[in-house]
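K.L.:
build me a model:
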Amino acid sequence: MKKLTLVVLFAIGFASFGFSQNLADNTLGLRLGDSDGFGAEISYQKSIGRYNRAEFNLGWRDSREFDAFKLAGVYQWVHNLDGNFNWYYGVGGGVGSADFEPVPNGNGGLRDENDGAFVFAAGNLGVEYDFDIPLLLSIDIRPEIGLVGFDGFDNDFLFDFALGIRYQF
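P.N.:
Down below sits the predicted model:
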């Protein structure tokens, strides 16, 4: 019985050590990344409980073929790695609008893609460092798949890799 009690106490202590981070109530900053063109997003995170948060990003993408604006939202689960390092994963989605540049069609004319709105589903996986000052740096990947939209964005799969710089308050 003493061995079982010792194992249970060890497991509880290990679990509490693994989830010992404190999430900031709010963060605000930038998420700078690349998925078919450089983009910047204004990023806001809101703590929802001890180990969860919601992240909202409003930004644009700029490439040779199109310019796009996007609003994305992701629900995240956050776990402590070691010290001030955390890792997180999440699911969500968003909406956006794209404006395509005319491109040569090979017959001497220009092909103009359909412009318009789109809806996408997204996942999220990343690692972050929580400084002792109110600064949070992160690197993450947000795979996105187009669900509804015009040609070029429906059924399209993109990997959005980004660096996040956020102020915590």
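K.L.:
quick one: secondary structure of Leu71?
P.N.:
Three-state assignment for Leu71 (DSSP: H, G, I helix; E, B strand; the rest coil): strand.
K.L.:
tell me what it is bridged to.
P.N.:
Beta-bridge partners of Leu71, counted by DSSP bridges, are Leu58, Val95.
K.L.:
now do the same contact list for it.
P.N.:
For Leu71, the contacting residues are 56-58, 94-96, by Cβ atoms under 8 Å, 6 or more residues apart in numbering. No exception for glycine: its C-beta is placed from N, CA and C like everyone else's.
K.L.:
swap in Gly49?
P.N.:
Per Cβ under 8 Å, 6+ apart, neighbours of Gly49: none.
K.L.:
which of the contacts of Leu71 has the largest number of neighbours?
P.N.:
When neighbours are counted by other Cβ atoms under 10 Å, Asn57 leads those with 26 neighbours.
K.L.:
that one contacts Gly39, doesn't it?
P.N.:
No: assessed by Cβ atoms under 8 Å, Asn57 is found out of contact with Gly39, at 9.7 Å.
K.L.:
could you tell me which residues touch both of the two?
P.N.:
Lys70.
K.L.:
how many neighbours does the closest residue to Leu23 other than its chain neighbours have?
P.N.:
With sequence-adjacent residues excluded and distances taken as Cβ to Cβ, 6 or more residues apart in numbering, Leu23 is closest to Ser47, at 4.5 Å. Residues lying near Ser47 (other Cβ under 10 Å) number 17.
K.L.:
contacting residues around Ser47?
P.N.:
With Cβ under 8 Å, 6+ apart, Ser47 has these contacts: 23-26, 53.
K.L.:
now find how far off-centre stretch 125-133 is within its chain.
P.N.:
14 Å (Cα atoms, centre = their mean, to the nearest Å).
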